[in-house]
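Asks: Sharing a model prediction with you, sequence too.
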Amino acid sequence: MDAPVIIFDQVSKSYQKGTTAINNINLQIRKGEFVFIVGSSGSGKSTMIKLMLKEIEPTSGKIYVNFKDLSRLRHGQVARYRRSIGVVFQNFRLLKDRNVYENVAFAQRVIETPSSMIRRQVPAILSVMGLADKHKALPGQLSGGEQQRVALARALVNNPVILLADEPTGNLDPKNSWEIMRLLDEINKKGTTVVVVTHNSDIVDKMQKRVITLSKGILISDEQKGGYTHAF
Ligand SMILES: Nc1ncnc2c1ncn2[C@@H]1O[C@H](COP(=O)(O)OP(=O)(O)OP(=O)(O)O)[C@@H](O)[C@H]1O
């Protein structure tokens, strides 16, 4: 079996006002897995994503990502660590005044990828995402589905080992939601570990992937080829 690339070891997170968002979570995700994280609003899903990105610190317990103990990353190493992980969000978070090509190239420029490589890799990933003819468009000129595909291209252009997606279909209609899921599945089949937070029960039920269910910060089920639990 492949090595775990994400480990939560007895992780709890309480926010300042006393809410326990995550309560003693133990979890291992192996290289190449596709995992859904589900649970009702406020169950702690986004908190898990923020912990994995080291945007917030656990109150107790340890988190390891890509064989790194996140508590031991020094301040100056955090930006580089975050860039080693692909991330997509519900609201796309694209640069509104840059075109599609520039939005994706930007992710490479910040890690100082040589220009010759950028010129090769950006068109390649745009083509995989079905956006080859949209490279000059601004985000405002694209549909929601297209914008999310640009966000995916940007998350993937640096070849991350892990892709985290927080409600990637939250703003999309069913057709575009399935298109994004098909792309995530394809990316996963090429070896990227994919973790998706979602409320979309139809997608979770049909895709038959590993499903982790949270309720009030507690991991209440973890099933291979699982479905969306309506009992949380
Ligand atoms: N910055 C914060 N300060 C205080 N409490 C917070 C903060 N962020 C989240 N919480 C609380 O922590 C709990 C878990 O929130 P979280 O955002 O992780 O839930 P979620 O499962 O992602 O919800 P949703 O599906 O609505 O996005 C909630 O009770 C929320 O109110």
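Replies: Happy to help now that I have it. Residues are numbered from 1 along each chain as shown.

Asks: Next, the residue of the chain positioned farthest from its centre: secondary structure please.
Replies: Residue farthest from the centre of the chain, counting by Cα atoms, centre = their mean, is Ser116 at 27.7 Å. When states are read from DSSP: H, G, I helix; E, B strand; the rest coil, the local structure at Ser116 comes out as helix.

Asks: can you pull the contacts of it?
Replies: With contact set as Cβ atoms under 8 Å, 6 or more residues apart in numbering, Ser116 has no partners. To be clear about C-beta, it is placed using only N, CA and C from the backbone, and glycine gets the same treatment.

Asks: can you tell me the distance between the two ends of stretch 61-77?
Replies: End-to-end distance for stretch 61-77: 21 Å, by Cα to Cα, to the nearest Å.

Asks: Now do the buried residues in that stretch.
Replies: Using 16 or more other Cβ atoms under 10 Å as the test for burial, stretch 61-77 gives Gly61, Ile63, Tyr64, Val65, Asn66, Leu70.

Asks: For those, which two are the farthest from each other?
Replies: Gly61 and Asn66 (17.7 Å; Cβ to Cβ).

Asks: partner residues bridging the residue positioned nearest the centre of the chain?
Replies: Nearest to the mean C-alpha position of the chain, counting by Cα atoms, centre = their mean, stands Leu164 at 1.4 Å. Taking DSSP bridges as the rule, Leu164 bridges to Val87, Val195.

Asks: Just the pLDDT for it.
Replies: Listed pLDDT for Leu164 reads 97.

Asks: what's the answer for the one 4 residues further on, then?
Replies: Taken from the predicted model, the pLDDT recorded for Pro168 is 93.

Asks: was I right about Lys31 contacting Val65?
Replies: No. Judged on Cβ atoms under 8 Å, Lys31 makes no contact with Val65 at a distance of 11.6 Å.

Asks: send the alpha carbons of the lowest-mean-pLDDT helix or strand in the chain over as CSV?
Replies: Counting by mean pLDDT, DSSP states H and E, the weakest-scoring helix or strand in the chain turns out to be helix 78-83, with a mean of 89. The C-alpha trace of helix 78-83 is given here as CSV (Å, rounded to 0.1, in the frame of the first residue of the first chain):
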residue,chain,number,x,y,z
VAL,A,78,5.0,28.2,4.9
ALA,A,79,4.4,30.0,1.6
ARG,A,80,6.5,27.4,-0.3
TYR,A,81,4.7,24.6,1.5
ARG,A,82,1.3,26.0,0.5
ARG,A,83,2.4,26.3,-3.1
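
Asks: Name the residues that touch it?
Replies: Leu53, Lys54, Val65, Lys68, Leu70, Leu73, Ala107, Val110, Ile111, Asn158.

Asks: before we move on, the earlier item: joint contacts of Lys31 and Val65?
Replies: When contacts are counted by Cβ under 8 Å, 6+ apart, Lys31 and Val65 have Val5 as shared neighbours.

Asks: What's the local residue count around Gly86?
Replies: When counting by other Cβ atoms under 10 Å, one arrives at 24 neighbours for Gly86.
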